[in-house]
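[1] coordinates for the following, if possible.
(one chain, ligands or ions: 1)
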Amino acid sequence: MSLRHEDASPGQPRLAILISGQGSNMRAFIDACATGKLEARIGVVISNNPQAAGLDVAASAGIPTRVIDHRSYTNRESFDAALVAELSEHAPQLVVLAGFMRILTPVFIQAHAGRLLNIHPSLLPLYPGLNTHQRALDAGDAFAGCTVHFVTQELDGGPPVLQARVPVIHGDSAVTLAARVQEMEHVIYPLAARWFLENRLTLRSDGAYLDDSRLPPSGVAYHPEMR
Ligand code: GRF
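    Next comes the predicted model:
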């Protein structure tokens, strides 16, 4: 996608994206904004990791980038406070965690309650935490997948919003399975963000709601006709 991100209208809703690594999900957001699939502007990309490859991708697309290195902080709370301070400069409508590999404290989560999304590479509530693809393979699962969910204090435990599944194929390794799952991550994450920015998706005290209907414990199942 060759459109530069700054071509987007400055009046559009703003996203902030937090990354730690390659940023392929962030890239999916850049592309979705550039093609108009998502009517939004990425106001800032923040990484805790100065080496994150996604920082260069974002900068090349004309998006402001910031590094807040967690190693410069003595505890999680002070790191989170620095993140909150930086984000408040950009006043995003939605904060997107895209492979952000830090456990967040209430300092961060309460500051963005109800407007904080994550994508997790499993069919939640299966396999919260790490090594999800290997765990699905070890369990002999026929399907794997990914889940967009609201972030709450419970690690990978906030209400699921949208879930896509892919088949596990004979001979899969964690690497081949991860690649198949990531293709779907890049589809469902911008879609869930669009629902949020259109005020169709909300977090309420008893769960996630889409179009005023409470979503089931795994979120809504993705299908290609979904809009
Ligand atoms: C993705 O697999 C996502 O599900 C998980 O972290 C990974 C990030 O990948 N939360 P990328 O940096 O977006 O390529």
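[2] OK, now which residue of this structure is nearest to the ligand?
    Gly99 (2.5 Å; Cβ to the nearest ligand atom). For every residue, glycine as well, the C-beta is placed using N, CA and C.
[3] what sits closest to that residue if chain neighbours are left out?
    Gly21 (5.0 Å; Cβ to Cβ, 6 or more residues apart in numbering).
[4] Pro224 in helix, strand or coil?
    What DSSP: H, G, I helix; E, B strand; the rest coil gives for Pro224 is coil.
[5] neighbours of it, how many?
    Residues lying near Pro224 (other Cβ atoms under 10 Å) number 6.
[6] next: Ala193.
    28.
[7] that one reaches Leu116, doesn't it?
    No. Under the criterion of Cβ atoms under 8 Å, Ala193 lies out of contact with Leu116, with a separation of 11.4 Å.
[8] re earlier: confidence score at the residue nearest to Gly99?
    On pLDDT, Gly21 comes in at 97.
[9] now the common contact residues for Ala193 and Leu116.
    Contact criterion Cβ atoms under 8 Å, 6 or more residues apart in numbering; residues shared by Ala193 and Leu116: Leu94.
[10] that older thread, count of residues packed around the residue of the chain closest to the ligand?
    Neighbour tally, Gly99, other Cβ under 10 Å: 22.
[11] residue contacts, it?
    Ile19, Ser20, Gly21, Gln22, Gly23, Ser24, Asn25, Met26, Gly54.
[12] equivalent analysis for Ala98, please.
    Ile17, Leu18, Ile19, Gly23, Asn25, Met26, Phe29, Gly54, Ile119, Tyr189.
[13] so which bits of the chain are right by the ligand?
    Contact residues (Cβ under 6 Å from any ligand atom) of the chain with the ligand: 19, 21-25, 98-99, 119-121, 146, 182, 185.
[14] list just the nearest of the residues you listed to Asp206.
    His120 (20.9 Å; Cβ to Cβ).
[15] got the buried residues for stretch 148-156?
    Val148, His149, Phe150, Val151, Thr152, Asp156 (16 or more other Cβ atoms under 10 Å).
[16] can you give me the helices in the protein?
    For the chain, the helices defined by DSSP state H cover 24-35, 53-60, 76-90, 106-109, 132-138, 174-197.
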